[in-house]
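*Asks:* Okay, structure incoming, though there's no sequence with it:
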């Protein structure tokens, strides 16, 4: 699955007792990938939540120099997203809330220690994040687009003419295949030709 949700780097789903039942890395850039021990990371993240519950009403966010770890809790499960620190945490909280609702179909009624039932969570995330991406609006930055060609140039020109448009409309009106449109818009945002906008 591509990193199609703005700023999302990692998603962790853990039991409040510290076991990581699911982890997904969304980073394509090798420099942004975190190398860590999965059980150590989940223990640390759940310890922060446990401590926060003891002194307050639970963790909402942990911030470092470059990243935010956004928390959402539902029942015995803790959902944590690592995102860029410029990412709006309220949008990520909303995404985590939707994912936690969809997760009810995967969570076993009795915890046996097996993570087998969580192996198909990718399809839930794909649906949730792609649906979100379809509604995301884009606009041009004004950067010169002379080096763009093919569908990249077509999308840029379309947005220059329209002012802004959602990915769903770009796919529909430009007749560009879904995955190609997602890849192109992500690339154009990374290279500062496009911005996300509300």
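*Replies:* Now that the structure is in, tell me what you want to look at. Computed from a predicted model, the values in this text were never measured in an experiment.
*Asks:* quick one: contacts for residue 66?
*Replies:* Shown in contact with residue 66 (Cβ atoms under 8 Å, 6 or more residues apart in numbering): 84-85. Backbone N, C-alpha and C define where each C-beta goes, glycine included.
*Asks:* Model confidence for it, exactly?
*Replies:* What the model reports as pLDDT for residue 66 is 87.
*Asks:* Ok, residue 79 next?
*Replies:* 93.
*Asks:* Work out the gap between the strand or helix carrying it and the centre of the chain.
*Replies:* Per DSSP states H and E, residue 79 falls inside strand 77-84. Mean-position distance between strand 77-84 and its chain equals 9 Å (Cα atoms, centre = their mean, to the nearest Å).
*Asks:* Residues in contact with that strand: which ones?
*Replies:* Contact with strand 77-84 is made by 7-16, 21, 34, 45-46, 49, 66-73, 89, 92, 95-96, 99-100, 103, 107, as judged by Cβ under 8 Å, 6+ apart.
*Asks:* give me that answer again for 7 Å
*Replies:* Contact with strand 77-84 is made by 7-16, 45-46, 49, 67-72, 92, 96, 99-100, 103, 107, as judged by Cβ atoms under 7 Å, 6 or more residues apart in numbering.
*Asks:* Strand partners (parallel or antiparallel) of it?
*Replies:* Next to strand 77-84 in the sheet, as set by DSSP bridges, lie strand 8-15 (antiparallel), strand 67-74 (antiparallel).
*Asks:* Mean neighbour count added to those, as a markdown table?
*Replies:* Output for the strands paired with strand 77-84, formatted as a markdown table (neighbours: other Cβ atoms under 10 Å):
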| stretch | mean neighbour count |
| --- | --- |
| strand 8-15 | 22 |
| strand 67-74 | 21 |
